[in-house]
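> here are the coordinates; sequence isn't available:
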């Protein structure tokens, strides 16, 4: 039986993968990582590996994709397949661009601490889904409630991890397992160009673009994302002649 380890993104929990995990559990053993209070990507990778089987496939969304790179960096021989969704690989930029990113992330941390995670989530989600979905009350409420389950302290720790993120560029060319690179076409945070660059650097990769979709692809377009992951997993399960 194939084992799949799902890695959630920033301030997300098992809800972000609920549709995908439900479907893939019909054909694989599924686990969704919980990083606890980890405040670095390396610590998150260690926590995710703690209960992982000897060999497994990895699917990481957003920050979870960066955690996946840390796992591949550590134990590449244990990873049978990789799925990278709405993520990125470069280190913290520094300079004006980096300072703008830092200021925006810390602004949200301040909101979380002073007004609560729900208030932060209402602000954050405005740029994280396709503009046409902002009036989708079911989707938006589910995202806000998911983030509201995190504490401001955990959120701040994960922001610290992202601001201190290492450069994953050297990892890309070393990946030897079948890799799905997927993103929403309108993802303004982790852009399609970034995913094209990753796919070009990873030897056995396939790029999938989800139309009319922003950064939260697993929740915005669950059926299409799940379909892509099922195809990826079935390919992993196909015997090599």
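It's in. Not measured: the values here are computed from a predicted model.

> Give the bridge partners for the residue nearest the centre of the chain, please.
The residue lying closest to the centre of the chain (Cα atoms, centre = their mean) is residue 61, at 1.5 Å. Using DSSP bridges, the beta-bridge partners of residue 61 come out as residue 85.

> Report the separation between it and residue 96.
28 Å (Cβ to Cβ, to the nearest Å). Where C-beta positions appear, they are placed from N, C-alpha and C, glycine not excepted.

> Just give me the neighbour total for residue 127.
When neighbours are counted by other Cβ atoms under 10 Å, residue 127 registers 13.

> should've said residue 203
12.

> Look up how far residue 218 lies from it.
The value you get for residue 203 to residue 218, if Cβ to Cβ is used, is 25 Å.

> Kindly report the same for residue 61.
Relative to residue 218, and taking Cβ to Cβ, residue 61 is found at 6 Å.

> ditto for residue 115
Between residue 115 and residue 218 the computed distance is 27 Å (Cβ to Cβ).

> what do you get for residue 12?
9 Å.

> Please name every helix or strand in contact with the lengthiest helix in the chain.
If each helix of the chain is counted by residues according to DSSP state H, the longest one is helix 95-115. The contact analysis (3 or more Cβ pairs under 8 Å, 6 or more residues apart in numbering; DSSP states H and E) places helix 95-115 against helix 117-124, helix 152-163.

> Spatially nearest residue to residue 167 (excluding sequence neighbours)?
Among residues not flanking residue 167 along the chain, residue 91 sits closest, at 4.0 Å (Cβ to Cβ, 6 or more residues apart in numbering).

> Just confirm that neighbour is within a strand.
No: going by DSSP: H, G, I helix; E, B strand; the rest coil, the assignment for residue 91 is coil, not a strand.

> For it, give its distance to residue 169.
8 Å.

> Helices of the protein, residue ranges please.
Using DSSP H, helices in the chain cover 18-24, 41-50, 63-74, 95-115, 117-124, 137-148, 152-163, 169-172, 192-201, 217-220, 222-237.

> What count of nearby residues applies to residue 3?
16.

> OK, contacts around it?
Residues near residue 3 by Cβ atoms under 8 Å, 6 or more residues apart in numbering: 28, 29, 30, 31, 52, 53, 55, 56, 57.

> do residue 173 as well
Taking Cβ under 8 Å, 6+ apart, one finds 201, 202, 203 in contact with residue 173.

> Check the contact between the last one and residue 177; I expect there is one.
No: contact criterion Cβ atoms under 8 Å: residue 203 and residue 177 do not qualify, at 9.4 Å.

> roughly how far apart are residue 127 and residue 107?
For residue 127 relative to residue 107 (Cβ to Cβ), the value is 12 Å.

> okay, residue 115 and residue 218: which has more neighbours?
Each of residue 115 and residue 218 has its neighbours counted (other Cβ under 10 Å); residue 218 has more, 30 against 13.

> How about the more buried one, nearest residue that isn't a chain neighbour?
Here the residue nearest residue 218, using Cβ to Cβ, 6+ apart, is residue 225, at 5.0 Å.

> and the chain, what are its domains?
By the record's domain assignment, the chain is partitioned as 3-90+167-237, 95-160 (automatic domain parsing).
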